[in-house]
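Novice: Okay, structure incoming, though there's no sequence with it:
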């Protein structure tokens, strides 16, 4: 492998503070931010300084620890009340990624279990329990991503041309990534994949993050504009599309970075398999279909002004800037999880995955 990209830890917690790789500075600058209160954590998540569904979940878990580090509560009831205020606040940072809510709920469950089982109250014991759970979430994500990569690699062959959209790599997770995990594992094993990375307007995660990650790892990667996906498919350069996701509905519809659904439709038109990589934590069986997923709308200045020295659109122009779109299940060849590979009909295979069944379903 190239330059130890997998040694980067995008989110970590040291001495009551959270330290994150500032993804808004990449690829020009590799810098870290120290976050010392819940407000700074909320801002980092909202402004995409930390991003990617698994990484958002990890950041939320550590964010609660940061928010509670200074608690002087003298009773469990008071500590729990403070915790729930911090949890409610952090949950508003971004609405679409289910990992945010999953991690916060898991932290509360751990806190409640300690509070109920502990005969006497100790704020320090509560804080320790929260940190232990946050660390467990991070370590489990690393293991989950590697298992997703191993499962995905069973669907890919050496020398394949692979298109990916947005960034579902190691800096979007604890390690390895979701959609990029198989590419990293394949690189270690001499698969020599040829990867095409969509730039992913308007935030350019493909250009700034995916292209940077893969280049650092020595992967053969070519950057293209989003609207070039069709021609590279038509040229016969793409054998598979791999993407991550932020939420999977019970019927197999998936929410991912804006533009993903268009890539899926193109892949269907050219007869190319379209693979979604989803940790079980992103599967939301309480969401019936993609129509029930709340799509985050962001500031239109990200389209017209964000990457330019001066505005590239008329003053006062109306904008529409959804951060995600929903890919209908009918366009998805398979959903790859750490527990196995789900195939249509997803209402059945995803239910089996969630019940703990494994392997190819």
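Specialist: Happy to help now that I have it. No experiment lies behind these values; they were computed from the predicted model shown.

Novice: which element is residue 112 on?
Specialist: Taking DSSP states H and E as the definition, residue 112 sits inside helix 98-117.

Novice: Quick one: mean pLDDT for the following helix or strand past that helix?
Specialist: Downstream of helix 98-117, the first helix or strand assigned by DSSP H and E is helix 123-153. Across helix 123-153, pLDDT averages out at 96.

Novice: got the angle for helix 123-153 vs helix 98-117?
Specialist: On the basis of axes from the mean of the first three to the mean of the last three C-alpha atoms, to 10 degrees, helix 123-153 is oriented at 140 degrees to helix 98-117.

Novice: Contacts for the helix or strand following helix 123-153 next, please.
Specialist: Where DSSP H and E defines the elements, the next helix or strand beyond helix 123-153 is strand 161-164. The contact list for strand 161-164 (C-beta atoms under 8 Å, 6 or more residues apart in numbering) reads 156, 179-180, 183, 193-198, 206, 210, 229, 232-233, 237-243, 263, 267, 272. To be clear about C-beta, it is placed using only N, CA and C from the backbone, and glycine gets the same treatment.

Novice: measure stretch 164-180 end to end?
Specialist: Stretch 164-180 has an end-to-end distance of 8 Å (criterion: C-alpha to C-alpha, to the nearest Å).

Novice: ugh, typo on my part, it should be stretch 64-84
Specialist: 9 Å.

Novice: Can you give me the buried ones in that stretch?
Specialist: 64-69, 71, 73, 76, 79-80, 82-83 (16 or more other C-beta atoms under 10 Å).

Novice: Just the ones of those residues in helices?
Specialist: 64-68, 76, 79-80, 82-83 (DSSP state H).

Novice: one step back: whichever of the contacts of strand 161-164 end up buried, select them in ChimeraX.
Specialist: Applying 16+ other C-beta under 10 Å to the contacts of strand 161-164 leaves a buried subset, and the ChimeraX line that selects it is:
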select :156,179,180,183,193,195,196,197,198,206,210,229,232,233,238,239,240,241,242,243,263,267,272
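
Novice: Among the contacts of strand 161-164, name the ones in strands.
Specialist: Judged by DSSP state E, those include 194-198, 240-243 as members of strands.

Novice: what's the most distant pair in these?
Specialist: 194 and 243 (17.1 Å; C-beta to C-beta).

Novice: Looking at the ones in helices among the buried residues of stretch 64-84, spot the one nearest residue 106.
Specialist: For those, the nearest to residue 106 is residue 64 (10.2 Å; C-beta to C-beta).
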